[in-house]
Each structure stands twice: as structure tokens, then as C-alpha cells.
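Peer 1: everything below, folded, please.
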Amino acid sequence: MSLMLAGEPAALAQAAPVLEALSARRFHVGARPGDGARTKLVNNLLAAVHLAGAAEALALAERLGLDVASTLAVVEQSSGQSWIASDRLRRRLAGDATVRARVALLAKDSALAMDAARGTGLAMPLGAQAAAAFARALDAGLADADDAALFDLAAGRAAPLPR
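Peer 2: Numbering: from 1, shown residues only. Now for the predicted structure:
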């Protein structure tokens with residue numbers, strides 16, 4: 001877990017023992033209140049984009065008749081690599097559906113990031129597509145599933161529920 005922290009350095013220093021107990025990865029992103037939460041939204045939107053894209057790419061590999069695990073191994077050592085894709089999809093391909101990060105969390109964060117982008121007037125078509133992929137996963141009843149379930153949805157194994 002990473003902590004994105006905003007606050008006065010003296011206040012963060014005072015809270016350091018608690019923050020160190022929570023996570024070894026702490027990032028001080030500024031003094032302005034809310035910048036930690038805004039940084040988290042930016043990070044999680046990119047995680048959603050990476051995971052949605054990787055799920056679709058591996059679904060294509062499967063449809064092309066490729067060995068999906070071997071394809072992922074190539075991607076992990078090539079230009080398509082991303083940490084979240086490797087972590088989530090490697091577990092999913094091994095049959096591990098243990099919930100570590102619920103679909104609902106990236107759905108929420110990607111939707112909030114898109115709301116923030118609209119508030120700035122910034123068009124973000126890739127972010128919108130990732131947010132839509134997670135919204136489809138919610139519609140398919142996958143809110144409480146591990147977010148790696150996006151692969152099953154992309155591969156056509158989890159059909160969206162009727163609206």
C-alpha cells in the first residue's frame with residue numbers, strides 16, 4: 001500500500017510513527033489539503049486504464065488461440081508491462097480469485113477521476129473508456145469480485161446483467 005500525504009511537514013513528522021506503521025511507501029505530495037486524495041485519484045485512474053487495457057489484450061490473446069500465460073510472460077518483460085496487469089492477471093490465470101482489491105474500488109475511483117477531469121474541462125477519452133469498463137463490471141454484478149475479474153468480463157465469460 002502507498003500513502004499519498006498532503007500536509008505541513010511538521011504535522012507529518014509528528015504523525016510519522018503511525019504513518020510508518022501503515023506503509024513503508026509514503027509520498028508527501030504537498031501542503032494543500034486534499035492533494036493526497038487527488039493524487040490517489042490520478043494514480044488509480046491510471047491503474048484502471050492499465051488493467052482495462054491488459055484485460056482486453058489478454059482476452060484477444062485467448063481468442064487468437066495463444067497461450068495466455070505465455071503471452072503475459074512476454075508482456076511482463078516487454079513494452080506492454082504494467083505492475084497492476086502483472087499482479088492481477090498473473091493471479092487470475094493461476095485460478096486465484098481471492099479478493100484483494102474489489103472491482104467497486106477502481107470503479108469508484110475512475111468515476112471520481114473522470115468527474116474531476118470534467119471539472120477542469122479536460123477531455124480524457126482513455127480514462128473514460130476505463131471508467132466505462134469498470135461500470136460494465138459493476139453492471140455484471142462483479143462489484144465485490146477481485147478487480148482481476150475484468151479479464152473474465154473482457155473475455156466474454158461474465159455477461160453484463162440487463163438494465
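Peer 1: show me what the top helix by length along the chain is packed against.
Peer 2: Scanning the chain for the helix with the most residues, using DSSP state H, yields helix 35-63. With contacts taken as 3 or more CB pairs under 8 Å, 6 or more residues apart in numbering; DSSP states H and E, helix 35-63 sits against strand 2-6, strand 25-30, helix 68-76, helix 83-93, helix 103-120, helix 125-139, helix 150-154. C-betas here are computed from N, CA, C, even on glycine.
Peer 1: buried residues, that helix. List them.
Peer 2: Neighbour-count burial for helix 35-63 flags 35-36, 38-42, 44-59, 61-62 (criterion: 16 or more other CB atoms under 10 Å).
Peer 1: now do it, average pLDDT.
Peer 2: Mean pLDDT, computed over helix 35-63, is 95.
Peer 1: and the angle for that helix with strand 25-30?
Peer 2: 130 degrees (axes from the mean of the first three to the mean of the last three CA atoms, to 10 degrees).
Peer 1: now find how far off-centre helix 35-63 is within its chain.
Peer 2: Centroid separation for helix 35-63 versus its chain: 5 Å, with CA atoms, centre = their mean, to the nearest Å.
Peer 1: what's the angle between it and strand 2-6?
Peer 2: For helix 35-63 against strand 2-6, the angle by the same axes, to 10 degrees is 150 degrees.
Peer 1: okay, angle between helix 35-63 and helix 125-139 too, please.
Peer 2: 80 degrees.
Peer 1: pick the most buried one from the helices and strands packed on helix 35-63.
Peer 2: Between the helices and strands packed on helix 35-63, helix 150-154 has the highest mean count of neighbours, a mean of 24, where neighbours are mean count of other CB atoms under 10 Å.
Peer 1: contacts for that helix, please.
Peer 2: 51-52, 54-56, 58-59, 88-89, 92, 103, 133-134, 136-137, 140, 142, 158, 160 (CB atoms under 8 Å, 6 or more residues apart in numbering).
Peer 1: what about this protein, any weak spots by pLDDT?
Peer 2: Judged by pLDDT under 70, the chain has its weakly predicted residues at 159-163.
Peer 1: ok, 50 please
Peer 2: Within the chain, the stretches with pLDDT under 50 are 161-163.
Peer 1: I'm done for today, thanks for sticking with me.
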